[in-house]
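Novice: Attaching a predicted model along with its sequence, questions to come.
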Amino acid sequence: MKTILVTGACGQIGSELVTKLRSLYGEDHVVATDIRVAVDNPAQGDGPYETLDVTDGKQFLEIAKKYQVDAVIHLAALLSAKAEANPQRAWHLNMTGLVNGLETARELQCQFFTPSSIAAFGPSTPQDQTPQDTIQRPNTIYGVTKVSGELLCDYYYQRFNVDTRGVRFPGLISYVTPPGGGTTDYAVEIYYHAVQHKKYTSYIAAGTKMDMMYMPDALDAIVQLMEADPTKLVHRNAFNISAMSFAPEDVAAAIRARIPEFLLTFDVDPIRQRIAESWPNSIDSRCAVDEWGFRPRYDLESMTKDMLDKLLARHRMP
């Protein structure tokens, strides 16, 4: 049975992914790591946990060797909105951490997964049904690090035969962990506010469509790609994947089907709006479907029902 090291395990994706991987492969076979220690975080659970600064290559390799890992899932990164506030820190964390992860995978000859993002696209990219292979000229530091990461992962596969794999995630929506500083965070916050306050003020303007995905589909995609037959992977890294595309008012309409009094207003943040407008309205996921069978289960309506059910149940708890 494989042993997997997860970086950024206390983040939005990592917290849930660690739990899922431990249910699949066993608690002792999933090593959760993060720079911070959060006692109540599910990533710490009953399985192995190590404090790791991914910019420390020596420590990265030592922990991977200690557990004799067969795969690295590298999630540690500074997300889009926070990255724009501190571009130098974003470059250091996102790129140095990635290189250290790739070097660890090269040294141990293990699988390596890291997510890219729809932020890897830019204003000159085709906005509707964005192709898998297209122009990528992002205008954010987060996007620049993602394009650089895609190229590095391709390079490590071609030059060193490291089994690199990855997807371009859209905005991810979860009821388990709070958002972590991304441009699409409104699509998470809106559900929390709907349950708690029956109203929400969106920092993204009406009519601004972006690709989104419910977290269970995102976790399934990671596992499915990691287990896919490598001989069928033409692209290998940075697969376009998406489950739905919507604007803030579309989410509000779906919420009103359950909470009729819900009110949506707008107070647009120019920085995050500029980022959102540089990203696609919708992307084409056919390569992921054809090469490894990607199939999301949730659309806006089914996701909204599940989100509200889970959040309402939590809200009613004493």
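Specialist: The structure has been received and is ready for your questions. Numbers count the residues shown, from 1 in each chain.

Novice: doesn't His315 make contact with Gln196?
Specialist: Yes: the pair Gln196 and His315 qualifies as a contact (Cβ atoms under 8 Å) at a distance of 6.6 Å. Where you see a C-beta, it was placed from the backbone N, CA and C, and this is true even at glycine.

Novice: what residues does the helix or strand bottoming out on mean pLDDT in the chain touch?
Specialist: Here the helix or strand of the chain ranked lowest by mean pLDDT, DSSP states H and E is helix 80-85, holding a mean of 88. With contact meaning Cβ atoms under 8 Å, 6 or more residues apart in numbering, helix 80-85 is reached by 89-90, 94, 117, 119, 140-143, 145, 180-183, 185, 271-272, 275.

Novice: from those, which would you call buried?
Specialist: Among the contacts of helix 80-85, those buried by neighbour count (16 or more other Cβ atoms under 10 Å) are 90, 94, 117, 119, 140-143, 145, 180-183, 185, 272, 275.

Novice: re earlier: CA atoms of the least confident helix or strand of the chain as CSV?
Specialist: The C-alpha coordinates for helix 80-85 follow below in CSV (Å, rounded to 0.1, in the frame of the first residue of the first chain):
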residue,chain,number,x,y,z
SER,A,80,-4.8,34.7,-5.5
ALA,A,81,-6.1,37.7,-3.3
LYS,A,82,-3.4,37.2,-0.6
ALA,A,83,-0.7,36.8,-3.2
GLU,A,84,-1.6,40.1,-4.8
ALA,A,85,-1.1,41.8,-1.4
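
Novice: low-scoring pLDDT stretches of this protein, where are they?
Specialist: 38-44, 317-318 (pLDDT under 70).

Novice: Helices along that one, start to end?
Specialist: 12-25, 57-66, 80-85, 87-91, 97-108, 141-160, 186-197, 215-226, 248-256, 270-277, 286-292, 300-316 (DSSP state H).

Novice: and the fourth one, what does it pack onto?
Specialist: Same thing as helix 87-91. In terms of contacts (3 or more Cβ pairs under 8 Å, 6 or more residues apart in numbering; DSSP states H and E), helix 87-91 is packed against helix 80-85, helix 141-160.

Novice: What residues of the last one count as buried?
Specialist: Buried residues in helix 141-160, counting neighbours by 16+ other Cβ under 10 Å, are found at 141-150, 152-154, 156-157.

Novice: same deal with the shortest one?
Specialist: Buried positions in helix 80-85, judged by neighbour count with 16+ other Cβ under 10 Å: Ser80, Ala81, Ala83, Glu84.

Novice: And for stretch 168-182?
Specialist: Applying a neighbour-count criterion of 16+ other Cβ under 10 Å, one finds 168-175, 177, 179-182 buried in stretch 168-182.

Novice: Am I right that Arg258 is in contact with Met307?
Specialist: No: if you go by Cβ under 8 Å, Arg258 and Met307 don't touch, sitting 9.7 Å apart.

Novice: quick one, which of those two is more surrounded?
Specialist: Met307 (27 against 15; other Cβ atoms under 10 Å).

Novice: ok now do the more buried one, which residues does it touch?
Specialist: Ile173, Tyr175, Tyr191, Tyr214.

Novice: Next, the contact list for the second one, please.
Specialist: With contact set as Cβ under 8 Å, 6+ apart, Tyr175 has these partners: Tyr191, Asp306, Met307, Lys310, Leu311, Arg314.

Novice: could you redo these as CSV and give each row distance to Leu61?
Specialist: Formatted as CSV, the contacts of Tyr175 follow (distance: Cβ to Cβ, whole Å):
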residue, distance to Leu61
Tyr191, 40
Asp306, 40
Met307, 39
Lys310, 39
Leu311, 41
Arg314, 40
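
Novice: which among the residues you listed gets closest to Lys232?
Specialist: Asp306 (31.1 Å; Cβ to Cβ).

Novice: show me what contacts Cys110?
Specialist: Ala64, Val69, Asp70, Ala71, Val72, Thr104, Asp163 are the contacts of Cys110 under Cβ under 8 Å, 6+ apart.

Novice: Great, nothing more from me.
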